Each structure stands twice: as C-alpha cells, then as structure tokens.
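Student: Sequence and predicted structure are below.
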6 protein chains.
Amino acid sequence: MLELSRASWTDVAAHLESHPAIAVLPVGALEQHGPHLPLSTDTLQADTVARRLAERLDAVLLPALPFGNTWSNDALPGTVSISADTVTAFAADVAASLERAGYALLVIVNGDFGNRLPLQRAAEQSAARDGMPVLVLDYPGLVEIGDEVKDSPWAAPGLCHADEIETSMILAVAPELVHSDRMQPAYPELPADFGLRQMALAPLSPSGVFGDPRPATAEKGERIIDHVVVQSELVVRRVLAALHPAS
Amino acid sequence: MLELSRASWTDVAAHLESHPAIAVLPVGALEQHGPHLPLSTDTLQADTVARRLAERLDAVLLPALPFGNTWSNDALPGTVSISADTVTAFAADVAASLERAGYALLVIVNGDFGNRLPLQRAAEQSAARDGMPVLVLDYPGLVEIGDEVKDSPWAAPGLCHADEIETSMILAVAPELVHSDRMQPAYPELPADFGLRQMALAPLSPSGVFGDPRPATAEKGERIIDHVVVQSELVVRRVLAALHPAS
Amino acid sequence: MLELSRASWTDVAAHLESHPAIAVLPVGALEQHGPHLPLSTDTLQADTVARRLAERLDAVLLPALPFGNTWSNDALPGTVSISADTVTAFAADVAASLERAGYALLVIVNGDFGNRLPLQRAAEQSAARDGMPVLVLDYPGLVEIGDEVKDSPWAAPGLCHADEIETSMILAVAPELVHSDRMQPAYPELPADFGLRQMALAPLSPSGVFGDPRPATAEKGERIIDHVVVQSELVVRRVLAALHPAS
Amino acid sequence: MLELSRASWTDVAAHLESHPAIAVLPVGALEQHGPHLPLSTDTLQADTVARRLAERLDAVLLPALPFGNTWSNDALPGTVSISADTVTAFAADVAASLERAGYALLVIVNGDFGNRLPLQRAAEQSAARDGMPVLVLDYPGLVEIGDEVKDSPWAAPGLCHADEIETSMILAVAPELVHSDRMQPAYPELPADFGLRQMALAPLSPSGVFGDPRPATAEKGERIIDHVVVQSELVVRRVLAALHPAS
Amino acid sequence: MLELSRASWTDVAAHLESHPAIAVLPVGALEQHGPHLPLSTDTLQADTVARRLAERLDAVLLPALPFGNTWSNDALPGTVSISADTVTAFAADVAASLERAGYALLVIVNGDFGNRLPLQRAAEQSAARDGMPVLVLDYPGLVEIGDEVKDSPWAAPGLCHADEIETSMILAVAPELVHSDRMQPAYPELPADFGLRQMALAPLSPSGVFGDPRPATAEKGERIIDHVVVQSELVVRRVLAALHPAS
Amino acid sequence: MLELSRASWTDVAAHLESHPAIAVLPVGALEQHGPHLPLSTDTLQADTVARRLAERLDAVLLPALPFGNTWSNDALPGTVSISADTVTAFAADVAASLERAGYALLVIVNGDFGNRLPLQRAAEQSAARDGMPVLVLDYPGLVEIGDEVKDSPWAAPGLCHADEIETSMILAVAPELVHSDRMQPAYPELPADFGLRQMALAPLSPSGVFGDPRPATAEKGERIIDHVVVQSELVVRRVLAALHPAS
C-alpha cells in the first residue's frame, strides 16, 4: 500500500512499477454526530476502511475528502455541507485525473449517506462514456455485522447515526475524540415515510443521535471495521476478476 | 480555536456563544514536489498556517481540502488534479453553508498556485451577490521572509516549488516525510514568458524541483511559517475592522 | 382517478376540488427487449402500474415519458437514449410545475433501471430545497412476486430483462405486441462484477434477453402487476400518513 | 413505416436494411385547451401528423414527448410545463442517440408554440457541430389551409388555440375527447404587442379559448391534417434531395 | 436620445428624470461579407438602425456588441464567432442589469441571422420569469423595402448577404469601407433545403457573396435604413402602448 | 496592423500571408466614471492601448467588447454590467474561434478591474486544455508611470477611477467627452479591508470619483498610454520569444 499524501512522486513511480494501478478514495463528511462524537466521524471511518482496504489490495490510498453532501443535518451547528453536484464533480475529476495517469480502477469508500447518489452518478458518468471503472462502496456487510455485535436496538432498520455502531468505530480508531460522559440514547419517533425519501434529519432528533451509543466498545468497533473491510475486499476482487479474467 | 474535525456539534454551539463566528479553511493540493517532499506538501503547509491563524483569531478551523487545481503538474506520477470549476464550487458551497449558519467571515488559506483564480472566483461570487465576506490568503509576506531566510537563489522571482522554502516548511511541520538524501537542486531554464501566463510545469523540470532544497532547515521553516501567519493575521484584522468599525 | 391527457382544464379544476392533489408520473424507456418484446416495454409497464396506482389513490395520472437513460443498451437497434441529466431535468421540471400548481405529492413510477439514479437525484434536489415531496417507486415487491410466480430461473438475482417476468407483464397489458414465436431463453455468462457497477448490457447477450421468456403467461403478468401496485400503494400511503398525520 | 414503440429491436434491424434511416419525432405538450378539448391536444395533433408523415416517408416513428415548454398557460389547472432548456436537451439527446445509431435525418413535428425556439436551438446545435441534420416542422401550410376551411374568424393572425382549427383536428383523431356541449367562442382583446414577444396567455382569456370552436367538424380536421402532412412531406423531400442529390 | 458610451452617469440620471427608461441595444457580428464589405457590416447596420430608432424614441442607446453567433461563416478568414449560448447570456445579463436599474423596456436591434434564436431565447427567459420586457427586432420591413429598391434579383427569398441591400446600407453609413472595385455578383446554386435548416454558408459561395452588389447606391441604403427604422418604431410603439395603455 | 472591423475577409487572407497570426482584443466596460468622464472610459482606454500595441506587433486588431463585469458600480445610473461568467465565455469563444482559424496568440488588453479574474479564467481554461496561448494584459507599467506623471495623490495605492490618470487618458484620446467644468476631487475614506477583497464601490464615493481629476492633461495621458503600450509590447515579445525560440 502506498499512501499518496506521504509519498513523493518518485515513490509513486516506483510503486506502480510492481503493483496494480488501483486507487482507493475515502469520502467523508463534516456533520453533526451527537454530543459525544466528532463532526469528522464519517471521514475517520471512511479513511480507516479505505486504508485497510488499500493495504489488502496493495493499492494506492488517496487522502479523504473531509466534506460531504449533508444538508439533512444543516440545522445543527458544525455541519458544513457541500452540494450533491460538487461531490459528483469532485469524484469525476479525481477519476478523470487517475484515468489520464493510466490507473485501472478507482474504488471509492463512502462514509456518508448523502454522498451515495452523487458518487454513483460520477461512477455512472464514467461508465456511460466507457471510461475507467469506478466502484462506489457503501460499507458492504455493515448491517450484517451490526446485527451481530449490537446490544442495542436499531433506531430504524439499517439506520446508524451516532449510535452503538458509529460510536464503536470511533472508539476503535480515535478514542480520544469520544466523550463517554455525554452519551445518551435517542429513539426518535420517525415519520411513516422515513427511509422512503430523503428528508432533513435534524428536526427528528434534538440531540442528533439515532440509537443508543452507550453499549459501544472499541472491540466491537474493530469487529465492525474488520468485517466491512473483508466484505469490501471481496467486492473489489470481483471487479478485478472481471477486468482481468484468468486466461 | 476550535478544530471542527475534532469537535462535536455541542462543542461548536458552546464555542460560538463566546467567540467570533469566523471560519478558516485550508485548501491544499496533491501534487508532485520533487523526489524529496510528499505529494501533500501544499496541504500540510496550508493546514499549518490555517491552524495557527485560527488560534490567533479564536476562530473555527475547518479540515483541509487535500486536492487542488494542479493540471500543470499532471505529467508526473502522483499528482491528482481537480478542475478549477470544482475548486470554485467547493469553496462557494462551504461559504454558503457557513453563511446559512450565521458566520461573519470565511478566511481561506490557499496552499497552491493553481487554486488562486478558482478561490478568488468563489470570493467574488459571494461579493457580487452581497453574501458573507470571503477572504482568500495566498501566504502574505512569503516572498519577503523568503528573501530574508534563503541561502539559495530563487528559480524565478517568487517561484518556490520543492525548493529551500517549501522544504524548510515541511522540515518544520512533518520532518519524517522529507527525504534529505534525495535533495537535488534544479534551476531549469524557464521560457521567456514564464509567469506571464499559466503553463505546464512538469516539462520544465525533470525532477519537479525549482530551486535548491539543500540549505533548508526546520528553523528556517518555523521563521517562514511564523511570518506568514503574522502577516495573515494583520490582513484578517483589517477585514474584521471593516466589518465591525469601532464606534 | 383523472387521466390528464384525456381531461380538459375544467375537469382538472373540478377534480381537485374534491380529491387529493397527488400526481402520478410514469417514466419509461425506448429500449431493446429481445426479439419478442416491443421497444416500449418499460413504458407500457410503468404506465400500467401508474394508472392502477392512480386509481387506488384517486390521484391525477400524467402521461408517460416514453424515453429513458438507456445507454447500456445503445448497441442494439431501436434503443433511443436520453442522458441521465435530461431525465433529472425533466422530472425536476414536472415537480416544480406541479408544486407551483399547489400539488402535495408527486409519485414517479419508474420502469427502467437506468432512470433510478437520475430520478432519485430529482427527488433529492426537491428535498434539499424543502420543496414538494417527490417519491420514486422502482416496482416495490417485484422480486418477491417474481420468486413466487416464475417457473424459470433468474439470469441474475433481481435481473429481469425480456424474461419471464417482463414478457408476462406485456402479455397482460399488450399481448398483440408479443411475438411468441420468437421467444428464446438466454442465460449469458455475466462478468464477476455484474451488479456492482453499471455497465453496457448489449455485449453480454446477443439477443438482448436475460432469462427465459417461454413460461410467461398473461395471468402471471396480472399477478405481478397486481402485487407491485398493491405494494406501491402501501408505500405511498406511508408517505401520505407522514404528510397528514392523524390528529 | 415502423412505429418504434410497437417494434422489437429485430424489427428495427430488418426495417433499416431496406428503408431509409429517417426518424420522425412528435413533440407535444400537456396544456390547457379550453373547457372542451383535452390537455393532450398538442400531443395528439403532433402524433397524428408525424405518423402520417412517417408513413409517406417509409420512416421510423418515435413515440411523442407528451410535455412541452408551456409556462404561458401555467395559470390554468392541468398545464404541466417543462423548461425550454429541458426541451432542447431532450431533442439534442434523441438526435445524438440516433446519430450514433447511423440515422441520416431526424424530423421533429412540433405541436406547441412554446417548443419552437427550444427545438430550433437543438437543431442549430447539431448543425454548428456538423452533426446529423435535424429538421423542425411547425405545421407547414397550417395558416393557408386554415384560411380555406375556417368559417369563424381568427382570434389573431395565425393564432389558433382551442379554436375551430384545433377542435376540428381533435374531432378527426379523438372525437371521444371533445366536449361539444362546452364549446364557447372567445375573442379576447389582445394587447397591442401580442405576437411581438412571448407573454402569458392565461390572463388574456378566462376560458383558455382564442377563437370559435363551434363550427369545427371532423371533416375539416381531416382536410387540415392532410394538407399539413402533404406540405410537411414536401419540405422533408427537399432536405432529402439535398442530402442525396441525384447524380 | 442619450448615447451611453458618450454620457457620464450624471447625464444618465438627468436624462431619466424627463425621458422614458427605454434602452436600445444593437447586436452585430464580425463576419465575412465578401471581398468588398467590411467584417463589421452587421454591426454598422445594427448600430445605425438602433441609433436612429433611439432618437425617435427618446431612448438610451447602448454600445453595440460587435461579435455574433456566426459559425456558418467560420470557414472564411476574419470571421470571429461567439457561441449561441454566449449571445444569450450576454443579452440576458444586459437585460437583468437594466431591470435592476429600473428600465421599462429593452429593445434589441439584431444585425445577424445567427443571433436570432439566441436573442429570442434571452427574451423568452425574461418573459418566463415575468421580468422586464425584451423586444428583439430583426429589421422589420427589410424584405418589403428590398423588393422596392433592388435592381438585382435576390440570391434566395429574403437572403441578403453582401448583396445590393447590404452594400447599399454600408455605402450610406460608411462608404469609406466599401471597395467598389471588388464588387462581383454571385448567385450560388443553393441546396434544396436552403432556408429550412441552418447550415454552413461559406462552402456555398467561394466569394462569400449571395447576390449582386453592383447596383448598390448610398441613396438606396438610406431608403432601406429609413424604412426599417420607421417599421421598427411602429413595432416598439405597439409594445409601449401595451405597457402603458391609455387610460 | 489590420483592423478587423474595417477589413474585408480578403484583406485578412492577404494580411496573414505576410504577417504573424496574432490577434489583439480590447475588453472594456460601460461603467460610471464620475460626472466628468463618459461611461465608456474603460473601453476607450483599452481600445487605444490595443490599437497601438497591434500596430507595433503588426497584429490583427479585434473590435472592443464595450461591456464588462462591473457589478461593483451597479448602484450608479448608466453602469450596465455583464456577469463574470459571460466575460469568461466571451473571451473563451473568441479564443476558440481564432484557434480554429490558425492563430498563434490572442492578446487581451483589459480595461476594467472586474474583468481580471474572468479573463484570466478564460486564459487558464485554454492553457489547461493545451490550447492556443491567451495572454491577458492589465496595463503593465501603469502604476509606475502614474507615480511619475501624477500631481495629485492616489486615492489608494494603485487605485485609479475617474482620477487624474483616467482623465488624462481620455483627454488624450477623446477630449470632446470630458466635462472639465464638472471635475471635482474625491478622496473617500476607504474601509480597512479595501483592496483585500472585492466590494461595491459606489457606496464609498457619492460622485463615483476616487482621486483628483483636476490636474489631468492630454499630454500626461499620452505619456501614460505610451508607457503602457511600450510595457505591453515588452510582455508580448517575451511570449512570442517563448513560442518561437530563436534557433
């Protein structure tokens, strides 16, 4: 694995001589995550998953985009959102730059719900013009491992925001940023159409929490991250197999 | 100073009750900086200056954008460029988000030449619609302090790329990323119109260096950073004085 | 239910006096569906589902958009594709026009895979600006009912294109357009990353078929359509409940 | 003639082997047409003219776009307008898709005044980049035949909206959608600059009618349609003659 | 009449106190007009008509845009074309600026065929958002007076390019720019679809002339200009009457 | 030098056979310049400098764009502003048109502060796609010669608007447009951040003047223009030397 932000251009040239030209890009957010988690929660998580995935793939790791399309949490202080179109343009630019440089695949590790559509759009734009393959990963296996490790109920199926899962992940990777003394559960009553269409989240939970962070542990976080990384690698391997079918 | 990426939303709410609503945004690049400096050189420098500036201003520090408009160095491996329009859209989005949240000023600390026009464009867009003031800083005082501390000649007036100045700054803030054994000077013959219009840099210097990194020291880097931060603060104070004239 | 294409403006005015201001918009495609199904297969299906859904909701039915974002089938004659951005712009325009006219909800019944992202993007744009709710339905319950009625295997999980399901649906709604004598199964070997990212479909199946259309019957088609309509109504009712919570 | 919405891709392939690759696209609107005509009046008319024209040309008939740029009638219920830019993008996309598929000519039969500029813009875009010829027809010969068959005066020179002409045409092609009992004439006083610049129509005529629908008959409608189709064919033949000059 | 390019802002303020806030904008082109006429022919003509019209209206005269959408003449040296979208954006910006300043009407005098659609689009954009009225004039009455004064036949109905009409107009307003010794007639064989769709002109006439410039005289030019100005004023007066109906 | 607006296309063809294919484009503005100077001040100055520069370079002179991005003076009557994006699009279109025609260099002589960023953006767009070189000149040497000839102080370092410098230049090139009797000095108190970011100018000076026009003379104007032209030529010569290095 080569971390681009720490490498010189000659390091990159040397690395690419003997390793596959695969790049991994984490995309995060700067978004409220309750009173006990940092605003960079999504970025920290995406960066960790991307880093470990890049290691397993001998790939090149790009620095994380620390902002995302987070208008749904705009109402709470500290959330700084960029538009869906800007997320798409950013990812499309990075893909085009890597394509010009001869890369074979860009894997995007997305850490925020609001980035899903914009990143998929960038991937589709590349596909529609027959460009470099762009694969967007949204934490494959997360719900599966969440069901396994969680001791608290979900606030809604598949919804984790500042809850046991996210808190565990940050306890695993940046425990100094977790305020254990501020952890409080919140199970907001969700509107009947929650999950059917995008909506502002902040009005639903005054604390910004959806779930119960209290049972979170670093060990659970490690298990979650590990599972997501393993599942992510499986997905990427399928793409690589398709790009370079065994002869 | 409050570093947003480490703060929770409640920290932000508390901070803003007793501090000015000023945000500082570093904008960097992922760009070749010779064989001895990391690709994130511009990001590291901008982040450092922004951090110290935010401290002096009791301001809020945003995470750095680690990519920039660096097509002029596209030819060397590791440079990953985003377009000028994406840099503008990113900065305009951040400004609009902060404006909605009630901020009084966004200060952008720019670390890469290619971002100048795109960031100024975002600032002008805000001014033209009578929006929140956006101030773009391009290392005020850098040439002045460079003249003072440098032991090697400039590759061209005001041009510093992987030279004594940039190497000193990285020695001051991330010495573990500097390969002292790879330092080699380069004083490329520049075309007659260098500096008059933008042009690809990579063809001009095979190593990517413009100057002589060898006399660089961490102490010089500290002096440079300190001077730029002091000058930056003076500029911001002038803007703040205009926003809140003494009665 | 009021079908706008057959109504006069005075009919609309009278209808809205005593019925909810809900509009249902089918979005189809003009895309190859094997040698035995018409190019308008997706449009016919979406129009049928939308029509029956509008009946159950006492809603207003808009005419179908008979084109979609179908670049992935561009290689076979007869496919006429419009871009993802145009699909988004179209849906956003219709939503904005209905919003100005005082409608409470736009339900989009999507009949083509390639329209999913573009339509969701239009829905999110409306949500992000706090506009009229836009709900995009992608045949809820289709896989469920497919598993129940199908006698042939799926070409891939959830993939139905010119197969038993689609053929059954057209047999139910436009049997005169189905060429039973041309039905041939096709189970193309799919690349390892099929379903992980968007890709051109035409190169994978020379006939354009993915599955086995031969066991299709009109009765199966009726069961499929009926199930999807019932499931669609359930989803819309949840949204309506959220818009007008019982007091 | 081959109607794409009813054909399979193999039908298209076979057709194009022995017929010219000419496509005819009707573009309509969903717009108020008085209390007695359906909102789809423009779409029905354009579809009819396009269909008969395609028959005479042995061409391929595309399905109609059932929406148009009709902001000028937004004030009356039932009008659902899309923007001028979306109409242009739609037509440009269809043209580009057909061009990639090897077509020699796209003929657009336009049924709504508000689509004229947007469709001409798409045609010019194709011409400016030396792309496939795109011909936009706005009912050539309509005024001529109108003068001949009408028993009622025009509301303004060349203006026909829900009047004798339009009512006759719908009586000819979809009599079941005409409410004869609701027919009332309206000769609104028009502003001095009517016809000199685009303006909202709805405020000018409370009923949405401009003219007198009462003398309308299906036979007149047939004569009108027939004349417009003949004139349309003459125009297309001139373009075809230019594309394939006799040797 | 007040010519803005010669007035100070205080002149404008004084003028608007006692005159109607009407602005006249000439839009020209830089386009080949045969060997005997200057590239600025369209600009000179539009400027002249606009100036005389402004005098009759006591209006404000804006400076002319000396470039137009002239890709159809790109093949001959000296033609410098701007895109259709730029022409639209320019006109829309001017209209918006005047609207903010309180003007009641913008009259655009267009001197080039290629600007028609782009300028009409700007006018429609203003109408669609209920903005300031924008009226685009394309030399009303030109064909009429041409038929009256011309001694040479038209190259095609209504087509005048570097012919007797245009040459007469330039003889009237800038005789020093006309090379009488280079005048040669050209009646190119036009393709059967000439006038039905936009096409490149340069390939049709090697000299760039369409018609016979030789019978041109300054006196004819004066008659043409005078007639067009009178007709233009009549059109504007109709718009003004509609804006300010007599009480 | 060949002035395109006065030349025919055959003149251009002949000129380019024996002269370098260099084009000079003046870009001005229609903007308030105090009670004593015309709104076209910037256009007149840019046109004069461009004309003399073109003479020295044996280049082709384009007609001036007589509008600019002048929102900062919108508040005073007579200022008619176009947007920054339109200025960029205009310059990019002209550059692309000249590039298609085989030109080697476009030199833009800019006469208005608000056009700087937009024109530089057009130049950078061309550089980023490796297109024709575009050089933007902002009156090189102006401050230098201003310091030399001025008898009045600057309103701010480098700021000249309707002051001694601008008035001298117009006295030199269009004395009939200068109202000597209306000249009044104005040294507005500028906000502390003046020059650090773009801001509206009109609120700062009720008369629109920044400086003292009274000591202006035509002779000073000539010296200023001459110096700027000489400096401009030096800059262009450096670019030409780089494009065609001596062998």
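Tutor: That came in fine, so what should we check first?
Student: Longest helix in chain A, please.
Tutor: Longest helix in chain A by number of residues, with DSSP state H as the criterion: helix A:218-243.
Student: For it, what is the distance to the chain centroid?
Tutor: In terms of CA atoms, centre = their mean, to the nearest Å, the gap separating the centre of helix A:218-243 from the centre of its chain is 12 Å.
Student: Summarise which helices and strands that helix is packed against.
Tutor: helix A:41-57, strand A:105-110, strand A:134-137, helix A:142-149, helix A:164-173 (3 or more CB pairs under 8 Å, 6 or more residues apart in numbering or on different chains; DSSP states H and E). For the C-beta atoms, the positions are set from N, CA and C on the backbone; glycine is no exception.
Student: average model confidence for stretch A:38-52?
Tutor: Across stretch A:38-52, pLDDT averages out at 98.
Student: That one near chain B at all?
Tutor: Yes - using CB under 8 Å from any CB of the partner chain, stretch A:38-52 reaches chain B at A:38-40, A:43.
Student: low-scoring stretches of chain A, by residue?
Tutor: A:246-247 (pLDDT under 70).
Student: nearest residue to the residue nearest to the spatial centre of it other than its sequence neighbours?
Tutor: Taking CA atoms, centre = their mean, the centroid of chain A lies closest to A:Gly111, which sits 2.1 Å from it. Among residues not flanking A:Gly111 along the chain, A:Ala46 sits closest, at 3.0 Å (CB to CB, 6 or more residues apart in numbering or on different chains).
Student: dump the residue contacts of that neighbour.
Tutor: A:26-28, A:64, A:109-112 (CB atoms under 8 Å, 6 or more residues apart in numbering or on different chains).
Student: so which of the helices and strands packed on helix A:218-243 gets nearest D:Gly208?
Tutor: Proximity to D:Gly208 (CB to CB) singles out strand A:134-137 among the helices and strands packed on helix A:218-243, at 48.4 Å.
Student: got the CA coordinates for the closest one in PDB?
Tutor: Taking Å, rounded to 0.1, in the frame of the first residue of the first chain, the C-alpha atoms of strand A:134-137 are listed here in PDB:
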ATOM      1  CA  VAL A 134     -15.300   3.500 -10.700                       C
ATOM      2  CA  LEU A 135     -16.600   1.400  -7.900                       C
ATOM      3  CA  VAL A 136     -18.500   3.000  -5.000                       C
ATOM      4  CA  LEU A 137     -18.600   1.100  -1.700                       C
END
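Student: Return the angle between stretch directions for the longest helix of chain A and strand A:105-110.
Tutor: With axes from the mean of the first three to the mean of the last three CA atoms, to 10 degrees as the basis, helix A:218-243 and strand A:105-110 are set at 150 degrees to each other.
Student: Give the buried residues for helix A:218-243.
Tutor: Neighbour counts using 16 or more other CB atoms under 10 Å in any protein chain shown place A:218, A:220-225, A:227-229, A:231-233, A:235-236, A:238-240, A:242 of helix A:218-243 among the buried residues.
Student: What of stretch A:130-149?
Tutor: Result for stretch A:130-149 [16+ other CB under 10 Å]: buried residues A:132-142, A:145-146, A:149.
Student: tell me how far that stretch is from the chain's mean position?
Tutor: Relative to the chain's own centre, stretch A:130-149 is displaced by 9 Å; criterion: CA atoms, centre = their mean.
Student: so how far is the first residue of it from its last?
Tutor: 41 Å (CA to CA, to the nearest Å).
Student: Now name the helix or strand holding A:Ala192.
Tutor: Of the helices and strands defined by DSSP states H and E, none includes A:Ala192.
Student: Quick check: it vs chain B, distance?
Tutor: As judged by CB to the nearest CB, to the nearest Å, A:Ala192 and chain B stand 27 Å apart.
Student: cool, A:Val87 as well?
Tutor: 9 Å.
Student: which residues sit against stretch A:48-58?
Tutor: Outside of stretch A:48-58, the residues within contact range by CB under 8 Å, 6+ apart are A:1, A:3, A:19-20, A:22, A:24-26, A:59-62, A:64, A:107, A:109, A:111, A:139, A:169, A:172-173, A:225, A:228-229, A:232-233, A:236.
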